[in-house]
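J.: Any chance you could fold what I've pasted below:
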Amino acid sequence: MPNLPAQTEDLISIETHFGRGNMKCFADRPNDVNVMVQQAIARNPHGEALVCDDLRLSYRDLDDRISLAAKGLTALDVSKGDRVALLLANGPEFLIVLLASLRLGAIAVPINVREQTPELAHILNDCGAVVVVHDADIAAKLPDPDAVGQVKNRICVGGSVDGSVDYDQFLTAGAQSKDAEVDQEDTAVILYTSGTTGQPKGAMLTHLNIIHSAMHFEHCMELGPKERSLLSVPASHVTGLVATLFTMLRTAGCSVIMRRFKAEDFLELAAREKVTQTLMVPAMYNLFLLRCEIKDYDLSHWQIGGYGGAPMAPSTIRELSEKLPQLHLVNAYGATEITSPATILPLGLGAVRSDSVGVAVPCGEIRIVDDQGRDVDDGEHGELWIKGPMVVPGYWNNPAMTAREFQDGFWKSGDIGSRDAEGFVQLHDRSKDMIIRGGYNIYSAEIENTLTAHPDVIECAAIGQPDPVLGEKLHVFVHSSDAGLDAPAIKAYCAARLADYKTPDFVTFSAQELPRNANGKIIKTALRGLV
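T.: Numbering: from 1, shown residues only. The predicted structure is shown next:
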């Protein structure tokens, strides 16, 4: 087995949580995220906690702004257990309102700003959000008040819109707030993840889950005090939320926030802010290699280059290793349901074990099983089942799907992989019918369900088409009753109903039925052979 960066055996205790069997946990840990934040404030009060554009907040400054936001939420009658939806792009307000919600014992619900009105309505109604904090430039996408009747208040960041309170005014409410007592098993965040049925499911990330994932990144990436991480992926995604924001809070480090990723801006910001750690999708690394002269930037402080969401090409690894020899490339495999990492590649092995997503995190347990749920031997392929204190207890308001996807304390990932005798895990296939476009998960069922509602679409199938930058692009095959239906019409139909990254990149029309097997299921392998 590979040596961990710091021996963790003496840091582990065996505990029972969520009514599940025994699991490994970090013995010495904060009870909840609020305690973790207070520890960071105490350790580094004058150090930078957040940098965004020209704004620089110390931990003491951050604490003050969290208090103001908590008072504002209290004035809106937000209390323990209430859901606060964050429809915010990357920016300081995201972190401030997130932590203010948790301080009150409320549950934060980050939502990708690229979602469209029907998806937003489903999520807001499913979680029962009572407050929505949103950016001004996406106000037009918000559902009508009658469609989300439980939403009592809307708060607008970055402008003024009818029906919403301005954020600056919200901060001046002046109500007295009281920090809530929370249990480590309480839900802190709900993140919606697309399901194979097409309807997003709300994964319940507890305080226990978040703390363990932040500590896994801390231990496995050997992160020290006062790290500086560059947030370039959406904060509303489990990677940005946990791998950057919560991990920096754990280390009392600084989150340097990019509002929007551009390759040149990324390198300029990483150099200027002396960034030490990142976690991105491989497409982002590919972009700055393709578009920038790395030698023009002082990136000597950048030590950890984490990646996940898709394989990184060996040629990319070689080029990064040549141009940034001090940078440790670290593959991390995870999912929303496991609060991000299940495996992390040990430091120093980025080039020699590029075939692997790493070894199980210190408190993680991975089974690789066959179709009957029996463990397979080393080297054999099977489905990855994952257990540990980072695995969520289930899906919000969805006991049926929880029962389906969790068993005996394990989350059944749907991913096919193998493990060698040294404990290194390899992935061979992804969750059934899932497409990963630039790090965003797209389930084909969601696309197909949307398109089959079109009056002229008889049937359709969505697959991933390999792409050198994004990893995959979305290709749909359409059997239509209207010979005049064209690709722009299909794309426009999807764009009006789905997040923009779920809009097909390619459309192929078929005058015949799509190929099916004896059971009547569309044969997607045959379609993949056509692209």
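J.: Give me the below-cutoff pLDDT ranges for this protein.
T.: For the chain, the stretches flagged by pLDDT under 70 are 1-9, 195-198, 310, 429-432, 517-521.
J.: Off-centre distance for the helix with the most length in it?
T.: As assigned by DSSP state H, the longest helix anywhere in the chain is helix 59-75. Computed by CA atoms, centre = their mean, to the nearest Å, the separation of helix 59-75 from the middle of its chain amounts to 25 Å.
J.: give the contact list for Lys24.
T.: Ile12, Ser13, Ile14, Pro362, Cys363, Gly364, Glu365, Gly388, Pro389 (CB atoms under 8 Å, 6 or more residues apart in numbering). To be clear about C-beta, it is placed using only N, CA and C from the backbone, and glycine gets the same treatment.
J.: what do you get for Gly224?
T.: The contact partners of Gly224, by CB under 8 Å, 6+ apart, come to Thr251.
J.: do the same with Leu347
T.: Residues counted as contacts of Leu347 (CB under 8 Å, 6+ apart) are Pro5, Met221, Glu222, Ile304, His328, Val330.
J.: what about the fourth one, distance to Leu324?
T.: Ile304 sits 11 Å away from Leu324 when distances are taken as CB to CB, to the nearest Å.
J.: neighbour-wise, which of the two wins?
T.: Of the pair Ile304 and Leu324, Ile304 is the one with more neighbours under other CB atoms under 10 Å, namely 21 against 18.
J.: re earlier: what packs against the longest helix of the chain?
T.: helix 33-43, strand 48-52, helix 92-103 (3 or more CB pairs under 8 Å, 6 or more residues apart in numbering; DSSP states H and E).
J.: Tell me which stretches of the stretch 251-400 of the chain form strands.
T.: Taking DSSP state E, counting those that start in this stretch, the strands of the stretch 251-400 of the chain run over residues 254-257, 277-280, 304-307, 328-335, 340-344, 359-360, 365-369, 382-387.
J.: Next: the stretch 101-250 of the chain.
T.: 107-110, 131-135, 153-157, 165-166, 187-193, 201-206, 228-231.
J.: What lies in contact with stretch 206-218?
T.: By CB under 8 Å, 6+ apart, the surrounding residues in contact with stretch 206-218 are 17, 25-26, 29-33, 36, 182-189, 223, 242-243, 246-247, 249-251, 338-341, 344, 361-364, 388-393.
J.: out of those residues, which are buried?
T.: Buried members of these, counted by 16 or more other CB atoms under 10 Å: 17, 25-26, 29-30, 32-33, 36, 182, 184-189, 223, 242-243, 246-247, 249-251, 338-341, 344, 361-364, 388-393.
J.: Surely Ile442 touches Met434?
T.: Yes. Counting by CB atoms under 8 Å, Ile442 touches Met434, with 6.9 Å between them.
J.: Who has more neighbours out of those two?
T.: Neighbour count, other CB under 10 Å: between Ile442 and Met434, Ile442 has more, with 23 against 18.
J.: Over to the more buried one. Which of the three states is it?
T.: strand (DSSP: H, G, I helix; E, B strand; the rest coil).
J.: cool, and the one 4 residues further on?
T.: Under three-state DSSP, Glu446 falls in the helix class.
J.: I'd assumed Leu498 was in contact with it.
T.: Yes. The pair Glu446 and Leu498 qualifies as a contact (CB under 8 Å) at a distance of 7.3 Å.
J.: Would you mind giving the domain segments of this structure?
T.: Per automatic domain parsing, the domain ranges recorded for the chain read 9-419, 435-528.
J.: one step back: can you pick the most crowded of the contacts of Leu347?
T.: Met221 (28 neighbours).
J.: show me the contacts for that one.
T.: Pro5, Gln277, Ile304, Gly306, Val330, Ile344, Leu347.
J.: The same query, at a cut-off of 10 Å, please.
T.: Contact analysis of Met221 by CB atoms under 10 Å, 6 or more residues apart in numbering lists 5, 227, 229, 243, 247, 251, 276-277, 279, 303-304, 306, 328, 330, 332, 341, 344-347.
J.: quick one, phi/psi of it?
T.: For Met221, the backbone dihedrals are phi -100, psi 0 (criterion: degrees, to the nearest 10).
J.: likewise Ala462?
T.: Backbone torsions for Ala462, taken as degrees, to the nearest 10, come to phi -110, psi 130.
J.: count of neighbours near it?
T.: Ala462: 25 surrounding residues under other CB under 10 Å.
J.: how far away is it from Pro311?
T.: Per CB to CB, Ala462 is found 21 Å from Pro311.
J.: How about Asp166?
T.: Separation of Asp166 from Pro311 (CB to CB): 45 Å.
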